[in-house]
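Undergrad: I'll drop the sequence and a predicted model, then ask my questions.
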Amino acid sequence: MISDYRFKARNWQGRKVNGRLSASSLDEAQAKIRSRGLVPLEIREYRYLNLFRRAALLKALHGFGLGRYSSRDLMIFCRQLATMLKAGIPVLHALNVLAGQMENKTLRVKLQGASTSLEQGSDLAGSLNEQEGYFPPLLVNMVAAGEAGGMLDDILERMALHYENQHDMEEKIRSATAYPLLVTAVALIVVLVMIIFVLPQFAGIFNSMGMEMPLFSRVLLAAGAGAVSYWPLIAAALAAGTGGLTWYAKTEKGRLRLDMLRLRLPLYGKIYSKNIAARFARTLGSLLAGGVTLQSSLRLVDKVIDNKVISSAIGSLSDALNCGETIAGPMSAAGCFPPLLTEMIRVGEETGTLGQTLNRAAVFYEKEVSYIVDRLGTILEPILLLAVGLFIGLLVFSILSPMYQVFQMI
């Protein structure tokens, strides 16, 4: 009976190595470890009950978007694996080393599974693909192209650069939006505290003096009292609305309309469309540079973009290629790609430098998104502070002005 074993070993350089393998007995597991040039220190059977629980937990976390990799994780994985392959370290040994030192625990488990598949005769692309769809199709197909062309280390270097650019873009967006979001959250908390706790105290003072609170304060007081009294109904309505919107977004028609709305929103749509253009150009350029055909590259880009409107347009590009046409014309007709990107692709197709042109377009749109987000963050900060100050000032004035009148009458 084949069982899975976890092991700790030491290589000839004295470094500790952790890994996992399949064997019919403990002796066979020891022999397999020694055949890798390792000295076993500890071997334990990997029980299937724990494996099942871990797989179920990971699957549940993935359903909520948790426990997966980040662009930084993939960047580190690709760069370290490329470095070890360039140094002449075998793929299996390199994968075992990476599986033992990755910070992301979920990625570590998946790399251990890939190492087991690799040991059983699969290639690296197949081993990554067998991990329940965990690794992105872009990486898997690029690895397959690198193995077929005998340039796996170069392909991994390109993918490391791809994920590094993606990580830099994500960090710039987070940095630019962090402070406005923090100010908004603090402002909401302050307003809620004043409406729910502070205003009722002043309402009691006004009632004891036989005075009526100003209209603005009465409206806020009524809103706060309603929220406190009917919060279960409000929470249920919000949950029902969120659930309905989530269900609608999963339907074909709903997803298409929501994706179209995201592209057409006044401010967000501009950032979103330029970000998609950057991702489209960066991914397609990386795939073409890796030796993947344009037709196959478009199918992979479709999976990376994650927008139904763009997916429909990419389908028309594939149809044009099947008819022997270029992709610049259908891109212009689709109307969802920026005109500059379309023209750059047209020039790239005419000059035979489509891959380089796409990479230049990706750099341009990534910088555009960065500039827009930076400017937006700079503009939003004073606007949010001014709005919060005006609201609180109006609230304080509406409370204190009647009391000032009373003091004048005394």
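TA: Yes, it's here.
Undergrad: who's in contact with the residue nearest to the spatial centre of the chain?
TA: Closest to where the C-alpha atoms of the chain average out (CA atoms, centre = their mean) is Ser70, at 6.7 Å. If you count contacts by CB atoms under 8 Å, 6 or more residues apart in numbering, Ser70 has them with Asn104, His167. C-beta: built from backbone N, CA, C; applies to glycine.
Undergrad: do the one 10 residues further on as well
TA: Taking CB under 8 Å, 6+ apart as the definition of contact, the neighbours of Gln80 are Leu98.
Undergrad: tell me which residues of the helix or strand harbouring it are tucked away?
TA: According to DSSP states H and E, Gln80 maps onto helix 71-86. Residues 71-82, 84-85 are the ones in helix 71-86 that count as buried (16 or more other CB atoms under 10 Å).
Undergrad: For it, C-alpha coordinates in CSV please.
TA: Extracted C-alpha coordinates of helix 71-86, given in CSV (Å, rounded to 0.1, in the frame of the first residue of the first chain):
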residue,chain,number,x,y,z
SER,A,71,1.9,38.5,-6.7
ARG,A,72,4.9,38.8,-4.4
ASP,A,73,4.8,35.1,-3.6
LEU,A,74,4.8,34.1,-7.3
MET,A,75,7.6,36.6,-7.9
ILE,A,76,9.8,35.1,-5.2
PHE,A,77,8.9,31.5,-6.4
CYS,A,78,9.8,32.2,-10.0
ARG,A,79,13.0,34.1,-9.3
GLN,A,80,14.4,31.7,-6.8
LEU,A,81,13.6,28.7,-8.9
ALA,A,82,15.2,30.4,-12.0
THR,A,83,18.3,31.2,-9.9
MET,A,84,18.7,27.5,-8.7
LEU,A,85,18.1,26.2,-12.2
LYS,A,86,20.8,28.5,-13.6
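Undergrad: count of neighbours near Val109?
TA: Val109 sits with 20 neighbouring residues when counted by other CB atoms under 10 Å.
Undergrad: now Arg218
TA: Neighbours of Arg218 (other CB under 10 Å): 15.
Undergrad: In space, what's closest to it - neighbours in sequence excluded?
TA: Leaving aside its chain neighbours, Arg218 sits nearest to Glu212 (7.7 Å; criterion: CB to CB, 6 or more residues apart in numbering).
Undergrad: shouldn't that neighbour be in contact with Phe206?
TA: Yes: using CB atoms under 8 Å, Glu212 is in contact with Phe206, at 6.9 Å.
Undergrad: more neighbours, those two?
TA: With neighbours defined as other CB under 10 Å, Glu212 and Phe206 compare such that Phe206 has more, 18 against 12.
Undergrad: for the helix or strand harbouring that one, packing partners?
TA: Take DSSP H and E as the rule and Phe206 turns out to sit in helix 199-208. With contacts defined as 3 or more CB pairs under 8 Å, 6 or more residues apart in numbering; DSSP states H and E, helix 199-208 has these neighbours: helix 215-229, helix 354-409.
Undergrad: Throw those helices into TSV and include mean pLDDT and distance to Gln13, thanks.
TA: Listed next are the helices and strands packed on helix 199-208 as TSV, based on pLDDT from 0 to 100; distance: least, CB to CB, whole Å:
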stretch	mean pLDDT	distance to Gln13
helix 215-229	78	64
helix 354-409	77	38
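Undergrad: Minimum distance to Leu321: which of those helices has it?
TA: With CB to CB as the criterion, Leu321 lies closest to helix 354-409 of these, at 12.2 Å.
Undergrad: which residues of the stretch 1-150 of the chain fall in strands?
TA: With DSSP state E, counting those that start in this stretch as the criterion, the stretch 1-150 of the chain has strands at 3-10, 16-23, 39-46.
Undergrad: so how far is the last one from its chain's centroid?
TA: In this view, strand 39-46 has its centroid 36 Å away from the chain centroid, taken as CA atoms, centre = their mean, to the nearest Å.
Undergrad: Paired strands for it, with orientation please.
TA: Within its sheet, and counting by DSSP bridges, strand 39-46 is paired with strand 3-10 (antiparallel).
Undergrad: on that earlier part again, could I get the strands of the stretch 1-150 of the chain as a markdown table with mean neighbour count?
TA: Output for the strands of the stretch 1-150 of the chain, formatted as a markdown table (neighbours: other CB atoms under 10 Å):
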| stretch | mean neighbour count |
| --- | --- |
| strand 3-10 | 18 |
| strand 16-23 | 19 |
| strand 39-46 | 14 |
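Undergrad: List the contacts of Met331.
TA: Counted by CB under 8 Å, 6+ apart, Met331 has contacts Ala313, Leu317, Phe337, Leu341, Thr342, Ile345.
Undergrad: For the third one, which three-state class applies?
TA: Put simply, Phe337 is coil when judged by DSSP: H, G, I helix; E, B strand; the rest coil.
Undergrad: which ones among the contacts of Met331 are found in helices?
TA: Ala313, Leu317, Leu341, Thr342, Ile345 (DSSP state H).
Undergrad: closest to Ile383 among the residues you listed?
TA: Leu341 (31.2 Å).
Undergrad: Relative to Leu138, how far out is the closest one?
TA: 19 Å (CB to CB, to the nearest Å).
Undergrad: What is the burial count for Leu156?
TA: Using other CB under 10 Å, the number of residues around Leu156 comes to 26.
Undergrad: what secondary structure does it sit in?
TA: Relying on three-state DSSP, one would call Leu156 helix.
Undergrad: quick revisit: so which of the helices and strands packed on helix 199-208 comes closest to Phe202?
TA: That would be helix 354-409 among the helices and strands packed on helix 199-208, by CB to CB, at 5.3 Å.
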